[in-house]
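Peer 1: here are the coordinates; sequence isn't available:
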């Protein structure tokens, strides 16, 4: 069925009954006419629930193996208790159970397959067979791992001497039971109670007989079940489950079951595709007798759309910020019905719910009286009057008077009928008995929604006239992007990009207008042949002042700030500090995970090292040399930056800014903190903002190029230093081939190609003109490139001195190898999201040094000393330099 939006006689997805001649057509009963063509539904869908079960199964397997590995006493005691209990079973019962289970374990899957084939459900059987084959493969791999590579504690928990041969061990995973479990799970037996009961009886009998006869262990049985279950859901998610979404004709049949006589049904287009799945599919239905209907259909697939987004919101935000991400169809039906009745009982204008019903096992429908009209998004600006705004606030006040939160007061959820009455729709995501925070979030959301259409002044004025100044002022802490809907945040981001573009154009225009005056003044100085330094500086200050004034004139406040200012005019004492809604931020979570991994790796390396004798035998002269090389790196960093800044910037203050960067990179990723600090420093030093960004970008670009060239050069030397020929090592060849393959992939995929081209174009748009300015001063270019090479040399020598401080002549490695290890670790540290690359750099450097032949007893303390001198000890001087430069208005 084609998605049908504005229908003749009405707009924005709310067709008018008068435009349907079939509405009053006599004798039109039982005509399943669906307007347009039904969209082809995918034969298979990837359900998030299958993925969640897969992840749960993998986690359960990991936990089981961890218990078997670290809780050896517990596993042994459990096995003894089970063996003691099962050993008292009668022999006759054991034989009957073994015989019945061995026969049934084969017959039950075959019988279920025959039953499914008779009902023409061969796709499920194919899924089951594929899952069984994959489960058998995983079983064989697990058996091989347990026999050859698993720790002894895991092997003892999963195996025991075979009763038939005391020199052989039982299988860790049952090669026939896991495929059967995977097959029966994949074909959907769990949704059929009788077959499910038969399966569990067979499994319990088989497990009982195997345990009693000594052919398995309790942990082996549990692992077998988990592997079969996990592989089944992994297969279902990979290949997809059969799509059982109801069609338009199914909807027509369902309406007849609840007493309606439908004639036609047309799909109503959803306003926002990103949130359409969460609101269900909508249909406009005409009847033989009576007014038309609005029908909402919610199925499992559509309900799962946006699942991971809601799950992340539940994890990242506090409990009041979002509803549960897991909700059954029955719960969704009951919630929407309850909210519909509660809204009308509160006195608000809302669609009237007149019927509900299930459409098979995987869908439900809700039938409403038709509400003709247009959404707020579709109304032209001149039709959005102050009375309409006040009416909208009256509806929200009615809901809040009964503690009902709408949770989605966006433009397409506000309907305006022909008489100008406001109707609140999309109540499905709302909440009854809502707390104050949810009600305040509704108020802030509606303020932003109306402000996007009529401006902050009119939106706040209409809210004040209905809700009062106190209620409006209380919502200011909620006036932050994280508290708004997904579509509203996207709109605000788009407006922010447009504002930034307008400001940039204004600055460029001011810069272009100042060019003629500069050219005339330069020509005058050439004629006089007496350059006046004071006049040049005055001209530069005037030019900077003109650009700053242009930027100030072009600067626009964002909508949220405008709303705050409007409210503060009425309530100056209103709280404006944003409320803490986030439980955890993505960067914090990623930093914690990466740091935990790095800490775990370092601890595993350090547990085998005795630091007492190591420190006593350390060469303190090399430690002092490492300190000097670390200190010299800040001078080199200042040279590398100033080499790409044609303007005059104090060198000593630039060195202090690089020292301050040691403090900044502790609280921000290395690739972000340094760039922001250097850009800010250059702007404060008198360099125009656009040129400051271009200078830092040019420095970063040249640094990347030098980094790659040095990595390839030292890698080549590392591969040839121990061989008489000059042929490069296989590692270098493999790296070059990998880079070539990545380049081919990026250039062949349109999306990736467009992404890279856009980023590179935006980078070179400001960098290339800046580089042309630098090339006119070769001394600057030499300073910049020399500073980069010196910076890398300082770090390499610092790492080499740290190695020599704890090693001796027998444990030393070449400078080329140390350089390769440092360059690789530094690249990974720049890409890592953790502050200063914590965790990633330590792990990479330690593994790299061990790979080039350094014992881990020397590599681990050498890396710790290197990171101590280059990351942790400079934090205090960096903090002092940061505060000093801040007081001097240099940052």
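Peer 2: Now that the structure is in, tell me what you want to look at. None of these values were measured; they are calculated from a predicted model.

Peer 1: what ranges do the strands span in the stretch 651-800 of the chain?
Peer 2: Here the stretch 651-800 of the chain has no strands by DSSP state E, counting those that start in this stretch.

Peer 1: Low-confidence ranges, it, go.
Peer 2: 667-673, 690, 715-749, 751-753, 755-776 (pLDDT under 70).

Peer 1: How much space separates residue 48 from residue 845?
Peer 2: Note on residue 48: its distance to residue 845, by CB to CB, to the nearest Å, is 39 Å. Bear in mind the C-beta positions are built from the backbone N, C-alpha and C, glycine included.

Peer 1: Among the two, which residue is more densely surrounded?
Peer 2: residue 845 (27 against 20; other CB atoms under 10 Å).

Peer 1: Next, find the distance separating that one from residue 796.
Peer 2: Applying CB to CB to residue 845 and residue 796 gives a distance of 12 Å.

Peer 1: Kindly report the same for residue 186.
Peer 2: Taking CB to CB, one finds residue 186 at 55 Å from residue 796.

Peer 1: Look at the two and report which has more neighbours.
Peer 2: residue 186 (30 against 22).

Peer 1: contacting residues for the residue lying closest to the more buried one once chain neighbours are set aside?
Peer 2: In space, residue 186 comes closest to residue 131 once its chain neighbours are excluded; the distance is 3.8 Å by CB to CB, 6 or more residues apart in numbering. Contacts for residue 131 were tallied using CB atoms under 8 Å, 6 or more residues apart in numbering; they are 179, 182, 183, 185, 186, 231, 232, 235, 236.

Peer 1: Do I have it right that the second one meets residue 234?
Peer 2: No: judged on CB atoms under 8 Å, residue 182 makes no contact with residue 234 at a distance of 9.2 Å.

Peer 1: neighbour-wise, which of the two wins?
Peer 2: For residue 182 versus residue 234, the count of surrounding residues by other CB under 10 Å is larger for residue 182: 31 against 23.

Peer 1: Can you check my assumption that that one lies in a strand?
Peer 2: No: applying DSSP: H, G, I helix; E, B strand; the rest coil, one finds residue 182 to be helix, outside a strand.

Peer 1: ok now do it, which residues does it touch?
Peer 2: 128, 131, 132, 134, 135, 227, 228, 229, 231, 232, 235.

Peer 1: which residues are in contact with both of residue 845 and residue 796?
Peer 2: residue 822.

Peer 1: how many neighbours does residue 625 have?
Peer 2: 18.

Peer 1: and it, what are its phi and psi?
Peer 2: phi -60, psi -40 (degrees, to the nearest 10).

Peer 1: Quick check: closest non-adjacent residue to it.
Peer 2: residue 801 (4.3 Å).

Peer 1: Name the SS class of that neighbour, please.
Peer 2: helix.

Peer 1: which residues sit in contact with it?
Peer 2: 622, 623, 625, 626, 629.

Peer 1: do the same with residue 877
Peer 2: 659, 662 are the contacts of residue 877 under CB under 8 Å, 6+ apart.

Peer 1: Surely the residue nearest to residue 186 is in a strand?
Peer 2: No: assigned with three-state DSSP, residue 131 falls outside any strand and is helix.

Peer 1: how far away is it from residue 646?
Peer 2: In terms of CB to CB, residue 131 sits 66 Å off from residue 646.

Peer 1: And for residue 381?
Peer 2: 48 Å.

Peer 1: neighbour count winner among these two?
Peer 2: Neighbours were counted for residue 381 and for residue 646 using other CB under 10 Å; residue 646 has more, 16 against 7.

Peer 1: my read is that one is in a strand, agree?
Peer 2: No: judged by three-state DSSP, residue 646 forms no part of a strand; its state is coil.

Peer 1: From what I see, it and residue 777 are in contact.
Peer 2: Yes: Residue 646 lies in contact with residue 777 (CB under 8 Å); the separation is 6.1 Å.

Peer 1: what sits up against the host helix or strand of residue 563?
Peer 2: Taking DSSP states H and E as the criterion, residue 563 maps to helix 559-570. By CB under 8 Å, 6+ apart, the residues outside helix 559-570 that reach it are 447-448, 451-452, 455-457, 459-461, 464, 469, 472-473, 476, 479-481, 492, 495, 557, 574, 576.

Peer 1: Who are the packing partners of the helix or strand hosting residue 470?
Peer 2: Per DSSP H and E, residue 470 falls inside helix 469-474. When contacts are defined as 3 or more CB pairs under 8 Å, 6 or more residues apart in numbering; DSSP states H and E, helix 469-474 sits against helix 436-454, helix 456-467, helix 559-570.

Peer 1: from the ones you listed, which stretch is densest packed?
Peer 2: A comparison of the helices and strands packed on helix 469-474 by mean neighbour count, using mean count of other CB atoms under 10 Å, puts helix 436-454 on top with a mean of 22.

Peer 1: Return the angle between stretch directions for that one and helix 456-467.
Peer 2: 140 degrees (axes from the mean of the first three to the mean of the last three CA atoms, to 10 degrees).

Peer 1: Which residue comes closest to residue 820 once chain neighbours are left out?
Peer 2: residue 714 (4.8 Å).

Peer 1: Run through the residues that contact the one you found.
Peer 2: 816, 817, 819, 820, 823 are the contacts of residue 714 under CB under 8 Å, 6+ apart.

Peer 1: Narrow these to those that are buried.
Peer 2: Using 16 or more other CB atoms under 10 Å as the burial test, those include 816, 817, 819, 820, 823 as buried.

Peer 1: Can you tell me which of those residues is nearest residue 684?
Peer 2: Among those, residue 823 lies closest to residue 684 (CB to CB), at 31.9 Å.

Peer 1: And the closest one, what's its pLDDT?
Peer 2: Looking at residue 823, its pLDDT is 85.

Peer 1: for residue 507, same thing?
Peer 2: Predicted confidence (pLDDT) for residue 507: 69.

Peer 1: now residue 234
Peer 2: At residue 234, pLDDT is 91.
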